[in-house]
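>>> Sharing a model that was predicted from the sequence below.
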Amino acid sequence: MAGRRVSLLFSGRFSTSSSISSPVFTRLLGEGIGRNLSTAATAVAAEEEPITPPVQVHYTQLLINGQFVDAASAFSSASLYCGKTFPTLDPRTGEVIAHVAEGEAEDVNRAVAAARKAFDEGSWPRMTAYDRSRIMYRFADLIEKHNNEIAALETWDNGKPYEQAAEMEIPSLTRVIRYYAGWADKIHGLTVPADGPHHVQVLHEPIGVAGQIIPWNFPLLLYGWKVGPALACGNTIVVKTAEQTPLSALYVSKLAHEVPSAVQVLTVDITSANVDSTYFHDKDPFPFPAFQMKAGLPPGVLNVISGFGPTAGASLASHMNVDKLSFTGSTDTGRIVLELAARSNLKPVTLELGGKSPFIVCEDADVDKAVELAHRALFFNQGQCCCSGSRTFVHEHVYDEFVEKAKERALKRTVGDPFRKGVEQGPQIDEKQFNKTLDYIRSGVESGATLQAGGGRVGSKGYFIQPTIFSDVKDEMTIAREEIFGPVQSILKFKNIDEVMVRANATRYGLAAGVFTKNLNTANTLIRGLKVGTVWINCFFVFDAAIPFGGFKMSGQGREKGMYGLKNYLQVKAVVTPLENPAWL
Ligand SMILES: NC(=O)c1ccc[n+]([C@@H]2O[C@H](COP(=O)([O-])OP(=O)(O)OC[C@H]3O[C@@H](n4cnc5c(N)ncnc54)[C@H](O)[C@@H]3O)[C@@H](O)[C@H]2O)c1
């Protein structure tokens, strides 16, 4: 684990871990631009046999009440009972990885009933906060132990580079679970002074059964942002994973329930004062019983439903026995789930939605650094990030130089099998997203933007798209207004800070912004003027567990991560007790 980063951190000091280039790809990508490029890159991708993922799929059923079970609805066959399933596909090839149980309304009912019982009658909200935190730490330890298998599942199902999953995302999941494990026994209420002779307490109680709907772009990171705080506060949970990426959350959630035959003990080397954490089997001597850890999340606390949005997702959002809904996904679906929540039991809803984030390169910026940072801000995760810097605003004095260098950088980007070491970009998640991105590229060309690089697919199978760059993009163009969610960088020119601030804010979104400048006054003007939930100055994609994340405007409601993430999962109860002859008020 040494050297593994625990947050996605792109700062002024560029890490080299995701910029290792494959000489073959670099040479081929350097041979041409635009549509000509597809010939060279296609040849490589088509010739490549997909690398066999270093992991097997073990869990495909629904996780309800601590057990893996089939979906309630069956394929209609009189002779054979088989719970309904759907295929999850490998985005490198479009081939089936596994058939996964397809949860629908009845399965959501079963999962919510289990979560309800675990909340109303079970031990989880009733145990001490310290005991909860110990189970969560244990959960995090198990995730860490299985980091590479989980990362391999994530890459297989999602198409993201394995190094990214193994070195950034799964460690970030571990970190966020540990972060909230640390909060569990530090959540407390208040006493407040009242005008009369009353003792007034404010209790912070768990809210109950939390429904959580997550998307496919960061299946486990976003799972952690939701599951971590909900568990820490003592809630029970039903997670609905994205239909494109059901596998990793099943694996991880199974770990939470594991009551391993191994127990963790601390071996203490007294001479060197080193404390080493080691796993022993039951039969091994157990020298320090005081250090034995609690094992296993109680059944029913964390339930996982795989399935589709309009069926499983909608059932969860509209369920009368779900006390809280947390949703991450598109703005359009966010509107639907908010409505479903309002029409059912008015459950409170947290929304983490789409974005069209500006990345502003000022006149005084170091152009080389700005190019690299803007490149990562857009192309990371195949361009499938809610807060991608998808409108690259560049000052007119450095615009031409920036465009030339951005093009060079895009042409060097290594696209290929995400299991291959050094590959920076894998396939898009699925055919729908692949076609949607190509449609946007077509729209960019048709609306008069200049295609500087890319523009087509890579290879003839799977969903690989060339890193694409448009310059001369105008605010009114569709590619500058709509969330593409693909590897397409749009570069726009600006003249001064007041102008760029107005243009950056002229969108229905308000998730994040990047600003690249050496001038503190310019930075401060933009920090306060931009209507967004996060401003990164001379850095991008810094996602520490402690930093709140969320959007202004139609990018969302509420915040996740940090102490703000706890508020989503706590009820506030005021308690007033009369005081007889109080010594003071
Ligand atoms: N703000 C954030 O933190 C954040 C993070 C990641 C992704 N996103 C956004 O997510 C979007 C990409 O994800 P997506 O394409 O999977 O989004 P999506 O809205 O299509 O799906 C997200 C989730 O909602 C479910 N869903 C779909 N229709 C539903 C319905 N009618 N009722 C209930 N649930 C339903 C899906 O099954 C999936 O689990 C982008 O817009 C991106 O910006 C936002």
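Done, it's in.
>>> can you pull the pLDDT of the closest residue to the ligand within the stretch 101-250 of the chain?
Relative to the ligand, the nearest point of the stretch 101-250 of the chain is Pro215 (3.3 Å; Cβ to the nearest ligand atom). Placement of C-beta: from N, CA and C, glycine included. pLDDT for Pro215: 98.
>>> before we move on, which element is it in?
Using DSSP states H and E, Pro215 sits within no helix or strand.
>>> can you count the residues close to the spatially closest residue to Gly66 that is not a sequence neighbour?
Sequence neighbours aside, Pro299 is the residue nearest to Gly66 in space, at 2.9 Å (criterion: Cβ to Cβ, 6 or more residues apart in numbering). Neighbourhood size, Pro299 [other Cβ atoms under 10 Å]: 18.
>>> What separation do you get for Pro299 and the ligand?
24 Å (Cβ to the nearest ligand atom, to the nearest Å).
>>> Helix, strand or coil: sort out that residue for me.
coil (DSSP: H, G, I helix; E, B strand; the rest coil).
>>> That one reaches Ala114, doesn't it?
Yes: proximity of Pro299 to Ala114 meets the contact threshold set by Cβ atoms under 8 Å, at 7.2 Å.
>>> low pLDDT regions in the protein?
The chain contains residues with pLDDT under 70 at 1-47, 75-81, 259-295.
>>> Run through the residues that contact the nearest residue to Pro246 once chain neighbours are set aside.
Of all residues not flanking Pro246 in the chain, Ser306 sits nearest, at 3.7 Å (Cβ to Cβ, 6+ apart). Shown here is Ser306, whose contacts under the criterion Cβ atoms under 8 Å, 6 or more residues apart in numbering are 60, 62, 86, 100-103, 240-241, 243, 246, 250, 312.
>>> redo that, cut-off 6 Å
Val100, Gly103, Thr241, Pro246 (Cβ atoms under 6 Å, 6 or more residues apart in numbering).
>>> what does Ser443 give?
By Cβ under 6 Å, 6+ apart, the contact set of Ser443 is Thr478.
>>> Could you do the one 10 residues further on as well?
When contacts are counted by Cβ under 6 Å, 6+ apart, Ala453 touches Ile33, Lys407, Ala410, Leu411, Ile469.
>>> now do Lys553
Counting by Cβ under 6 Å, 6+ apart, Lys553 has contacts Arg508, Gly510.
>>> now swap in Asp90 and tell me
Going by Cβ under 6 Å, 6+ apart, Asp90 touches Ile97.
>>> Over to Thr522?
Cys362, Ile497.
>>> Indicate whether stretch 462-481 makes contact with the ligand.
No: judged by Cβ under 6 Å from any ligand atom, stretch 462-481 stays clear of the ligand, getting no closer than 13.9 Å.
>>> So which residues make contact with that stretch?
Contacts for stretch 462-481 (Cβ under 6 Å, 6+ apart): 37, 45, 91-93, 379, 391, 403, 406-407, 410, 413, 415, 427-428, 434, 437, 440-441, 443-444, 447, 449-450, 452-458, 487-492, 503.
>>> circling back: so which of the contacts of Ser306 reach the ligand?
Okay, of the contacts of Ser306, nothing touches the ligand (Cβ under 6 Å from any ligand atom).
>>> who wins for neighbours among the residues you listed?
Gly103 (36 neighbours).
>>> three-state assignment of that residue?
Gly103 - assigned by three-state DSSP - is coil.
>>> residues touching Thr525, list them.
Here Thr525 is in contact with Ile497 (Cβ under 6 Å, 6+ apart).
>>> With just CA atoms, put stretch 135-148 into PDB.
The C-alpha trace of stretch 135-148 is given here as PDB (Å, rounded to 0.1, in the frame of the first residue of the first chain):
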ATOM      1  CA  ILE A 135     -17.100  -1.900  12.800                       C
ATOM      2  CA  MET A 136     -16.600   0.800  10.200                       C
ATOM      3  CA  TYR A 137     -12.900   0.800  10.700                       C
ATOM      4  CA  ARG A 138     -12.900  -3.000  10.300                       C
ATOM      5  CA  PHE A 139     -14.900  -2.500   7.100                       C
ATOM      6  CA  ALA A 140     -12.300  -0.100   5.800                       C
ATOM      7  CA  ASP A 141      -9.500  -2.500   6.700                       C
ATOM      8  CA  LEU A 142     -11.200  -5.200   4.700                       C
ATOM      9  CA  ILE A 143     -11.700  -2.900   1.700                       C
ATOM     10  CA  GLU A 144      -8.000  -2.000   1.900                       C
ATOM     11  CA  LYS A 145      -7.100  -5.700   2.100                       C
ATOM     12  CA  HIS A 146      -9.100  -6.500  -1.100                       C
ATOM     13  CA  ASN A 147      -8.100  -3.200  -2.800                       C
ATOM     14  CA  ASN A 148      -6.800  -4.800  -6.000                       C
END
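>>> Now do the buried residues in it.
135-147 (16 or more other Cβ atoms under 10 Å).
>>> Now intersect those with the helices, please.
Here DSSP state H is the test, and the buried residues of stretch 135-148 give Ile135, Met136, Tyr137, Arg138, Phe139, Ala140, Asp141, Leu142, Ile143, Glu144, Lys145, Asn147 as lying in helices.
>>> And the helices in the stretch 301-450 of the chain?
Ranges of helices in the stretch 301-450 of the chain, per DSSP state H, counting those that start in this stretch, are 314-317, 331-343, 367-379, 399-412, 431-446.
>>> Now do Thr522 against the ligand, distance only.
For Thr522 relative to the ligand (Cβ to the nearest ligand atom), the value is 27 Å.
>>> and the two most separated of the buried residues of stretch 135-148?
Ile135 and Asn147 (19.3 Å; Cβ to Cβ).
>>> Scan the contacts of Ala453 and report the most crowded one.
Counting by other Cβ under 10 Å, top hit in the contacts of Ala453: Ile469 with 32 neighbours.
>>> Is it correct that that one falls within a helix?
No: counting by three-state DSSP, Ile469 is not found in a helix; it is strand.
>>> Could you measure from it over to Glu408?
According to Cβ to Cβ, to the nearest Å, Ile469 stands 10 Å off from Glu408.
>>> before we move on, back to that, count of residues packed around the residue nearest to the residue of the stretch 101-250 of the chain closest to the ligand when sequence neighbours are not counted?
Nearest non-adjacent residue to Pro215, counting by Cβ to Cβ, 6+ apart: Gly329, 4.6 Å away. Gly329 sits with 23 neighbouring residues when counted by other Cβ under 10 Å.
>>> so Gly329 touches Asn217, yeah?
No: at 9.4 Å, Gly329 does not count as touching Asn217 under the criterion of Cβ atoms under 6 Å.
>>> Can you give me the distance of the residue nearest to Pro246 to Arg116?
20 Å.
>>> if we can go back for a sec, quick one, what contacts the residue of the stretch 101-250 of the chain closest to the ligand?
Contacts of Pro215 (Cβ under 6 Å, 6+ apart): Ala242, Thr328, Gly329.
>>> and if you look at Asn519?
Applying Cβ under 6 Å, 6+ apart, the residues near Asn519 are Asp364.
>>> swap in Arg92?
Contacts of Arg92 by Cβ under 6 Å, 6+ apart are Pro50, Pro427, Gly462.
>>> Can you give me the distance of the closest residue to Ser555 other than its chain neighbours to Ser388?
The spatial neighbour of Ser555 that comes closest, neighbours along the chain excluded (Cβ to Cβ, 6+ apart), is Leu511 at 3.9 Å. Using Cβ to Cβ, we find Leu511 at a distance of 9 Å from Ser388.
>>> neighbour count winner among the two?
Higher neighbour count among Leu511 and Ser388: Ser388, with 31 against 27, using other Cβ under 10 Å.
>>> before we move on, back to that, nearest approach to Leu190 belongs to which of the helices of the stretch 301-450 of the chain?
helix 331-343 (28.1 Å).
>>> how about the residues of the stretch 451-585 of the chain near the ligand?
Residues of the stretch 451-585 of the chain lying near the ligand by Cβ under 6 Å from any ligand atom: Glu483, Phe485, Leu511, Gly551, Gly556.
>>> would you turn those into JSON lines with secondary structure?
Output for those, formatted as JSON lines (three-state DSSP):
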{"residue": "Glu483", "secondary structure": "coil"}
{"residue": "Phe485", "secondary structure": "coil"}
{"residue": "Leu511", "secondary structure": "coil"}
{"residue": "Gly551", "secondary structure": "coil"}
{"residue": "Gly556", "secondary structure": "strand"}
